[in-house]
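S.K.: the sequence and its predicted three-dimensional model are supplied below.
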Amino acid sequence: MEDNSLDCGLTISNMSHELFNDALYYKEQSETFTDFFIQWRYKRSAIISFCASAEAWMSSLIKCNLKDKSISSREQEVLDFINDHNANMPVGYNNVRRKLYNFIPAAITGSTLNWTTNRNVNFERYIVLSNMRNNIVHYATRNGSVIRSNEFSDLLDQAAQIIEDLFNEYDILGSRVKTPSWFKERLSKEI
């Protein structure tokens, strides 16, 4: 009898989950070292990974909430960009405030939220976290004291909760995709 089996492997990954877990790992590592420079290396990596995880999940929220809907040309432009980073970026999509108040709520409910008259505390907390990430990623010498400040360390300590609270807001708006349980994790694990 001929063996027609094929040896293969399959890896299922969720980039948002992996980045969140990485962020938890880097945060834990920052707490195990006393050397200032090693601590800050891990702290920087943690903040960047927390925000990258959140932004990956934001794209998933938009994509899943627009699926099987009749969508506008603007929404199609957003989907095209989410599906292919070489596509034209929609105007305003690179602005985290617009993403939180406009793009994601519009995908969920069909309407945007007004950040001028109705600021959401959980959106604003994430914006502060994202701005801190920007201080690292778009580093300028004037940012040196900011990324080595107590505020930076405090934000890192709160980052996981800030992200969980952010996504719970979209659950309240009626997102088809609920906040995954792994956003509640506070310790890294081997994936």
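M.R.: Arrived safely, thanks for sending.
S.K.: quick one: contacts for Asn143?
M.R.: When contacts are counted by CB atoms under 8 Å, 6 or more residues apart in numbering, Asn143 is found next to 135-136. C-beta: built from backbone N, CA, C; applies to glycine.
S.K.: how close does it get to Arg133?
M.R.: 11 Å (CB to CB, to the nearest Å).
S.K.: cool, and Ser73?
M.R.: On the measure of CB to CB, Ser73 and Arg133 end up 31 Å apart.
S.K.: again with Ala87
M.R.: Distance from Ala87 to Arg133, by CB to CB: 24 Å.
S.K.: who's more crowded, those two?
M.R.: A count of neighbours by other CB atoms under 10 Å puts Arg133 above the other of Ala87 and Arg133, at 22 against 13.
S.K.: so the spatially closest residue to the more buried one that is not a sequence neighbour is in which element?
M.R.: Closest residue in space to Arg133, ignoring its immediate chain neighbours: Cys51 at 4.2 Å, by CB to CB, 6 or more residues apart in numbering. Assigned by DSSP states H and E, Cys51 belongs to helix 36-66.
S.K.: which of the residues in the following helix or strand past that helix are buried?
M.R.: Sequence-wise, the next helix or strand downstream of helix 36-66 (DSSP H and E) is helix 73-83. Under the neighbour-count criterion of 16 or more other CB atoms under 10 Å, helix 73-83 has 75, 77-79, 81-82 buried.
S.K.: now render those residues as CSV, adding pLDDT.
M.R.: Listed next are the buried residues of helix 73-83 as CSV, based on pLDDT from 0 to 100:
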residue, pLDDT
Glu75, 94
Glu77, 95
Val78, 95
Leu79, 95
Phe81, 95
Ile82, 95
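S.K.: thanks a lot, see you next time.
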